[in-house]
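[1] how would this look folded up:
(chains A, B, C and D)
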Number of protein chains: 2
Amino acid sequence: MARLENLTERGYETQKQLGNALMELIIEKGYEKVSIKDLTERAGIDRTTFYLHFKDKDDLFTKSQIATINELVELRRTEAGPKPGVLLVFRHMSQNAKLYQAIFRTSGLVPGSASLEQYIANSIMPLLESELSRFGVSPPLHMPAIASYISGALRSLARWWLEAGMPQSPEEISELFIRLTTKGLLSLVETR
Amino acid sequence: MARLENLTERGYETQKQLGNALMELIIEKGYEKVSIKDLTERAGIDRTTFYLHFKDKDDLFTKSQIATINELVELRRTEAGPKPGVLLVFRHMSQNAKLYQAIFRTSGLVPGSASLEQYIANSIMPLLESELSRFGVSPPLHMPAIASYISGALRSLARWWLEAGMPQSPEEISELFIRLTTKGLLSLVETR
DNA sequence: CTTCTACTTGACATTGCGTTGATTTCATGA
DNA sequence: TCATGAAATCAACGCAATGTCAAGTAGAAG
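    Model prediction:
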């Protein structure tokens, strides 16, 4: 988890431990079954200390997601170039597998939080438009429908990939994704 | 909600009311924020009565999902034919919008429950194989990855469609889905 | 009218939540 | 090295939701 605020090293450490504990427990028993008590016991930290840092469970989870998004945004800003954006996303996922798994398992669960899901969906629309303009075409109708389709597909493919233990490289899986998205299923069967 | 057990008309009625109340409240405030008290007050039923019918909130939700799946399975069994399976799914969603919305918002939230998500994902694999064999091709590599991709796309598109108030007909939206899935994005821009 | 099922009422122990005030640990820089 | 302030602990509190139970009531079917 990326740094959330300006804190001493000690304070930062406990926040990190709480974040890690939450992700582990989400994977083990599901978001809503995780109590603050579970969380702080796992992290080896007093329950009251939790409330010094976070308002509640949602708060911790939301902030963890935001920290992750910021990391990803930064990555895409600095490593911009000919590489497709999707590849960077899969790379980042492979490096933060536990966290992304926890996020995927909870889906749009935490209400009103700026979720990673949301971020991906929002990122796809302009990205889609710019890609399409390279083909000299204006965006098709049903744009939001298509953006939903694609972001859902990405989320689900990524989730499968992580939970299966990443049997393909980030390059291979993003290549598969791009292919399915642009040319569809038929492109796969034709080439065999 | 379809009938769950053999009950008198009266008993069935309260189960239906509890199911409806849960779906409404999920949409309003999110699954985990719904208390049994909320639920029974909304349904106009005493809190203890809830426990006569269901073990807990997860139990009610799971049984509602199973009932829905059974309905859908039955629909596909009886209305089999030249119609694509996806169209039947979208039709059923349009007729049970509130319930499907509630399900989509909770995603894989309720652990260990036979979820609709799971059902869709599982249904897609054999369906995919049979469709592909009509083209005379054997299933491609990465089959589970592709099944994840497609079921995630379907889920996300359907969710968007329901929450946007179903601006397209079931026919149109399933046509869009099939097109994106088989031929990809490029097929859309080429034809304009 | 009786009988069975479904529902209500009121009460209870238990658990987790979120907060408070007093105290202790710990790093650090004067 | 020791004083200072930030971070963590400890004990205790009221509150709300959970799940359960025993006793009593309403309603439908024979």
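
[2] which residue ranges form the strands in chain A?
    Remark: no strands are assigned in chain A by DSSP state E.

[3] Okay, now the unreliable bits of it?
    Within chain A, the segments meeting pLDDT under 70 span A:1-8, A:80-84, A:107-115, A:117, A:135-139, A:190-192.

[4] which bits of it sit near DNA strand D?
    A:7-8, A:10-11, A:13-14, A:44-46, A:48-49, A:52-53 (CB under 7 Å from any atom of the strand). Any C-beta I mention is one placed from the backbone N, CA and C, and that applies to glycine too.

[5] Please pick the buried ones from these.
    Buried residues within these, counting neighbours by 16 or more other CB atoms under 10 Å in any protein chain shown: A:14, A:45, A:53.

[6] Which residue ranges of chain A form helices?
    A:9-29, A:36-43, A:47-53, A:57-78, A:85-95, A:97-106, A:116-134, A:143-163, A:170-183, A:186-190 (DSSP state H).

[7] TSV for these, including distance to residue B:186?
    Listed next are the helices of chain A as TSV, based on distance: least, CB to CB, whole Å:
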stretch	distance to residue B:186
helix A:9-29	37
helix A:36-43	47
helix A:47-53	49
helix A:57-78	24
helix A:85-95	16
helix A:97-106	28
helix A:116-134	9
helix A:143-163	12
helix A:170-183	6
helix A:186-190	9
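
[8] ranking the ones you listed by burial, who's on top?
    helix A:143-163 (a mean of 22; mean count of other CB atoms under 10 Å in any protein chain shown).

[9] And chain B, is it touching that?
    Yes - if you take CB under 8 Å from any CB of the partner chain as the test, helix A:143-163 does meet chain B, through A:144-146, A:148-157, A:159-161.

[10] ok, those residues vs DNA strand D, which is closest?
    Closest approach between these and DNA strand D, by CB to the nearest atom of the strand: residue A:159, at 28.0 Å.

[11] Would you check that that closest one makes contact with residue A:101?
    Yes - Residue A:159 is within contact range of residue A:101, at 7.4 Å (criterion: CB atoms under 8 Å).

[12] Report the two of the residues of helix A:143-163 next to chain B separated the most.
    Spanning the widest gap among those are A:144 and A:161, at 25.6 Å by CB to CB.

[13] picking up where we left off before, go through the buried ones among the residues of chain A next to DNA strand D and say which is closest to DNA strand D.
    For these, the nearest to DNA strand D is residue A:14 (3.1 Å; CB to the nearest atom of the strand).

[14] For the closest one, which residues are in contact?
    Residue A:14 makes contact with A:43, A:45, A:49, A:53, according to CB atoms under 8 Å, 6 or more residues apart in numbering or on different chains.

[15] how about 7 Å then?
    By CB atoms under 7 Å, 6 or more residues apart in numbering or on different chains, the contact list for residue A:14 reads A:45, A:49.

[16] same thing with the one 3 residues further on?
    With contact taken as CB under 7 Å, 6+ apart, residue A:17 is in contact with A:43, A:45.

[17] For residue B:185, see how far away residue A:178 is.
    10 Å (CB to CB, to the nearest Å).

[18] Next: residue A:48.
    52 Å.

[19] DNA strand C contacts on chain A?
    So far as CB under 7 Å from any atom of the strand goes, chain A lies against DNA strand C at A:8-10, A:35-37, A:47-48, A:51, A:55-57.

[20] near chain B, which of those show up?
    With CB under 7 Å from any CB of the partner chain as the criterion, those include none near chain B.

[21] Closest one to chain B out of those residues, please.
    Of all these, residue A:57 has the smallest distance to chain B: 9.4 Å, by CB to the nearest CB.

[22] Just to check, that closest one is in contact with residue A:36?
    Yes - contact status for residue A:57 versus residue A:36: in contact at 6.5 Å, counting by CB atoms under 7 Å.

[23] residues in contact with residue A:50?
    With the criterion set at CB under 7 Å, 6+ apart, residue A:50 makes contact with A:18, A:36, A:39-40.

[24] Can you pick out the most distant pair from those residues?
    Most distant of the contacts of residue A:50, by CB to CB, are A:18 and A:36, 9.7 Å apart.

[25] Alongside chain B, which residues does chain A contribute?
    A:29-30, A:32, A:105, A:107-109, A:111, A:132, A:135, A:137, A:140, A:142, A:144-146, A:148-149, A:151-153, A:155-157, A:160-161, A:176, A:180-189, A:192.

[26] thinking again about what came up before, using JSON lines, please lay out the contacts of residue A:50 together with distance to residue B:77.
    Listed next are these as JSON lines, based on distance: CB to CB, whole Å:
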{"residue": "A:18", "distance to residue B:77": "49"}
{"residue": "A:36", "distance to residue B:77": "47"}
{"residue": "A:39", "distance to residue B:77": "46"}
{"residue": "A:40", "distance to residue B:77": "50"}
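
[27] Out of these, flag the one nearest to DNA strand C.
    Taking CB to the nearest atom of the strand as the measure, DNA strand C sits nearest to residue A:36 out of the contacts of residue A:50, at 3.4 Å.

[28] Do I have it right that the closest one meets residue A:58?
    No - taking contacts as CB under 7 Å, residue A:36 lies outside contact range of residue A:58: 11.3 Å.
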